[in-house]
Structures are given as C-alpha cells and as structure tokens.
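> The following block contains a protein sequence and its predicted model.
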Amino acid sequence: MSRGLLEKRIRVFNFAFFQRLMELVINSRGAYLQKSGECFKIKTEERSVEISCQKVSSILISTSALITTDAIKLAIDNNIDIVFLDEYGNPFARVWMPKLGSTTLIRRRQLEISESPDGLKFALEWVKNKFDNQINLLLRLRQTRPHRSAEITSAINDLKTTVSRLDTILEEYSSLSEARFEILGIEGTGARIYFDIISALLPERFQFQGRSRNPAKDEFNALLNYAYGILYSRVEKACIIAGLDPYLGFLHSDNYNKKSLVFDLIENYRVWADEVVIALFAGRKVKVEMFDKIPDGLTLNKEGKALLVTEFNNFLEETIRYRGRNVQRKNIIQFDCHRFANQLIGKDNEAK
C-alpha cells in the first residue's frame with residue numbers, strides 16, 4: 001500500500017468509527033456523540049454520520065470527545081457498553097447497565113471455589129492453555145520460516161519443558177494460596193523463553209529486550225500493550241454478562257481495584273494479540289511514524305492505533321471451528337465465560 005493510500009485509509013477510519021466491524025471507535029479529538037432517533041450520530045468538524053444502534057456492539061472512546069446522556073441511555077437500553085481507553089489502550093472507565101446480569105449464586109460459588117483445590121485446577125488449566133497457545137503459534141511460525149526452524153524448535157522444546165513443571169503442582173499443593181508463587185514463577189520463565197524467540201524473528205530494527213508495559217520501551221511492546229488493552233475490555237464485558245465478578249480472581253491476587261479474574265481469563269486469549277502484532281511486523285505494515293516518544297518510552301499515535309484496531313478487529317471477526325461449531329473468534333470469550341459460570345454452579349451439561 002502506498003503512503004498516500006495509507007494516509008487516506010487512516011483518515012477515514014480515524015474520523016470516528018469502524019462501522020463494518022459493528023464497533024464504534026471514537027478516536028478523533030473533539031468528536032461529538034449524540035442520539036438521533038434510534039441511531040448514534042457522530043459529528044466532527046469535517047462531517048457527521050448516523051449509525052443504527054442495532055449495528056453497534058460496543059463503543060470505545062480513546063481520545064477527547066463529548067457524549068450526551070441521551071446517547072448513553074440509548075446504549076444502555078440496547079445492551080451496548082461504553083468503554084473509555086487511556087493512551088495505552090487500557091480501559092479506565094466503563095458505562096454499563098446497573099444490573100448484575102445473572103444469578104448471585106455464581107459470584108458466591110466463585111468466592112468459595114477461588115481458594116479450593118478446584119480453584120487451583122481452574123488456574124492451572126488457564127496457564128496451561130496459554131502455554132499451549134504459544135507453542136502452537138511458534139509451530140505455525142516455524143512453517144513459514146524454515147531457515148529459522150532449529151532456533152524455533154529449541155524454543156518450543158524449552159517451553160514444553162517449562163510447562164511440564166505444572167504437572168506436579170496438584171501433587172505438591174492443595175490450594176492456590178500455597179501454589180500461587182510457584183505457578184507465577186513458571187509463567188515468568190515461559191514468558192522469557194517465548195518473547196526472546198519472538199524478538200529474534202522480527203526485523204532487526206524492531207527487535208526488543210523482553211516485555212515492557214506502560215510505558216512501552218519499543219514498538220513491539222507499544223502495539224502489544226494496546227492490543228492487550230482491547231482484550232481486557234472484552235474479557236471484562238464477558239465476565240459481567242456471564243454474572244462473574246471481574247475483581248474476584250483465582251491465580252492473580254486480590255489487590256485494591258485490580259480486576260483479578262480478567263487477568264486470569266485473558267491468559268486464554270493473549271495469543272490472539274500476539275499473532276496479530278507479529279503479522280503486522282511480518283507484513284512490513286509497522287512504520288516508525290506510527291509511534292510518539294514519551295518520557296521513558298513510546299506510545300502509539302492515531303495512525304498506529306488505526307492500523308492495529310483495524311487488523312485486530314478483522315482477526316476477531318474471523319469465523320473458526322470451536323467446540324464443534326463455527327463461531328466468530330470474538331464470541332469465544334463470551335462462550336467461555338458462560339461455560340465457566342455454569343461450571344461454578346454445577347451446570348456442566350450447559351457448559352459443554
């Protein structure tokens with residue numbers, strides 16, 4: 001894609017939204033969101049657009065914008081959550097209906113099981129699933145990079161050795177409180193192995209030294225942090241709809257205002273963000289102009305956010321085979337949260 005065409009595409013997307021993806025993304029400074037009949041009306045200095053509320057699944061606001069109370073009520077009446085994102089893509093506020101979303105029994109059982117042997121089993125399942133996803137991604141990367149086969153194979157074997165240490169956890173520990181630091185230590189070892197090989201596979205200009213969060217120290221982590229932020233929002237929403245308490249975690253401890261369950265469950269889906277970001281670098285779509293320097297690091301600018309959100313939403317919209325049926329990848333999070341909630345209250349048949 002030429003530079004001119006890319007700039008044209010960015011301007012269109014950055015105007016206000018990604019209509020095709022059924023998700024309003026407000027990232028134009030000074031944008032104004034209001035209600036117009038049964039539609040959302042988005043206005044900027046350049047133009048205005050109306051979108052039926054029936055076509056909107058969520059509203060993400062990532063920059064200075066105005067929204068009317070009528071627009072908020074229209075969203076709430078149609079089960080559309082409004083999420084406010086910071087400069088790193090992390091949700092810092094959410095407008096949602098003032099209802100629990102399901103039976104209180106789910107949250108009671110969530111609390112009871114969180115420190116039980118069953119809670120330990122759930123936590124181990126999520127961590128193992130993350131490792132399996134990482135290994136499977138590396139296997140796919142190896143197929144398209146035969147000249148790096150030996151290097152990737154070595155990393156895969158190291159990851160398999162690391163994950164095998166989880167097999168003894170249930171024999172050595174009876175609760176999460178006892179096993180937590182052991183599991184987190186294994187996770188840390190695996191993360192170093194995984195991101196070391198990912199860095200080695202990137203173009204030399206964009207290779208990085210391990211994970212860095214807010215702020216990111218490099219372009220890869222700036223993109224990955226923002227993609228993870230999108231996932232955090234989706235997992236939290238799925239928890240609320242399923243009747244789960246986002247703050248009552250299993251593996252991650254219950255610190256003040258920490259959405260511990262969201263951090264637990266997102267382990268199952270982080271590889272989606274990894275895959276999209278890696279593909280952006282492999283496709284040479286990442287440009288240094290998409291990042292702004294800030295104290296001690298980098299942040300995505302409007303152009304970078306537009307590219308990432310577009311590619312990530314395209315990925316989430318894809319239909320894949322999951323548990324015997326064809327579903328869009330984005331809906332898997334909700335299915336899994338409902339399944340987990342049903343498991344908590346003993347409705348195993350509904351959970352399968």
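That came through, no problem.
> pLDDT below threshold where in the protein?
1-22, 98-103, 254-257, 348-352 (pLDDT under 70).
> quick one, what contacts the spatially most central residue of it?
For the chain, residue 231 is the residue whose C-alpha lies nearest the centre (Cα atoms, centre = their mean; 1.6 Å). Taking Cβ atoms under 8 Å, 6 or more residues apart in numbering, we find residue 231 in contact with 266, 269-270, 272-273. All C-beta spots, glycine's among them, are computed from the backbone N, C-alpha and C.
> Keep only those of the residues you listed that are in helices.
270, 272-273 (DSSP state H).
> Look up phi and psi at the residue lying closest to residue 80 once chain neighbours are set aside.
With Cβ to Cβ, 6 or more residues apart in numbering as the criterion, residue 80 has its nearest non-adjacent residue at 5.5 Å, and that residue is residue 56. Main-chain dihedrals, residue 56, degrees, to the nearest 10: phi -110, psi 130.
> nearest to residue 178, of the contacts of residue 231?
residue 266 (23.7 Å; Cβ to Cβ).
> neighbours of the closest one, just the number please.
Using other Cβ atoms under 10 Å, residue 266 is surrounded by 21 other residues.
> So it sits against residue 228, correct?
Yes - counting by Cβ atoms under 8 Å, residue 228 is a contact partner of residue 266 at 7.4 Å.
> Out of the ones in helices among the contacts of residue 231, the closest to residue 156 would be?
Among these, and counting by Cβ to Cβ, the member closest to residue 156 is residue 270, at 17.5 Å.
> how near is the closest one to residue 137?
Residue 270 is 10 Å from residue 137, where distance means Cβ to Cβ, to the nearest Å.
> Then residue 285?
19 Å.
> you'd agree residue 211 is in a helix?
No - using DSSP: H, G, I helix; E, B strand; the rest coil, the secondary structure at residue 211 is coil, not a helix.
> so residue 120 touches residue 173, yeah?
Yes - in this structure, residue 120 is within contact of residue 173 by Cβ under 8 Å, at 6.8 Å.
> list residues touching both of those two?
Joint contacts of residue 120 and residue 173 (Cβ under 8 Å, 6+ apart) are residue 179.
> the more surrounded of those two?
Taking other Cβ under 10 Å, residue 120 and residue 173 do not tie; residue 120 has more neighbours (25 against 16).
> Could you measure from the closest residue to the more buried one other than its chain neighbours over to residue 314?
Closest residue to residue 120 apart from its sequence neighbours, by Cβ to Cβ, 6+ apart: residue 176 at 4.9 Å. Note on residue 176: its distance to residue 314, by Cβ to Cβ, is 37 Å.
> same check, this time on residue 79
Distance check for residue 79 against residue 314: by Cβ to Cβ, it reads 24 Å.
> Pull out the buried residues from the longest helix anywhere in the chain.
The residue-count maximum for a helix in the chain (DSSP H) belongs to helix 117-144. For helix 117-144, a neighbour-count test (16 or more other Cβ atoms under 10 Å) marks 118-120, 122-124, 126-127, 130-131, 133-135, 137-138, 141-142 as buried.
> next one: stretch 36-48
Using 16+ other Cβ under 10 Å as the test for burial, stretch 36-48 gives 39-44.
> Which of those residues sits closest to residue 204?
With Cβ to Cβ as the yardstick, the closest approach to residue 204 among the buried residues of stretch 36-48 comes from residue 44, at 39.5 Å.
> Pretty sure the closest one sits against residue 27.
No - at 10.8 Å, residue 44 does not count as touching residue 27 under the criterion of Cβ under 8 Å.
> I'd like to know how far the residue nearest to residue 120 sits from residue 131.
18 Å.
> Likewise for residue 141?
16 Å.
> Repeat that for residue 265.
The gap separating residue 265 from residue 131 is 15 Å, by Cβ to Cβ.
> Show me the domain layout of this structure.
Listed domain ranges for the chain are 3-85, 104-351 (source: automatic domain parsing).
> Rebuild these as a markdown table, extending it with distance to residue 91.
Listed next are the domains of the chain as a markdown table, based on distance: least, Cβ to Cβ, whole Å:
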| stretch | distance to residue 91 |
| --- | --- |
| domain 3-85 | 5 |
| domain 104-351 | 4 |
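> Out of these, flag the one nearest residue 96.
Going by Cβ to Cβ, the one of the domains of the chain nearest residue 96 is domain 3-85, 5.0 Å.
> Thank you kindly, that will do.
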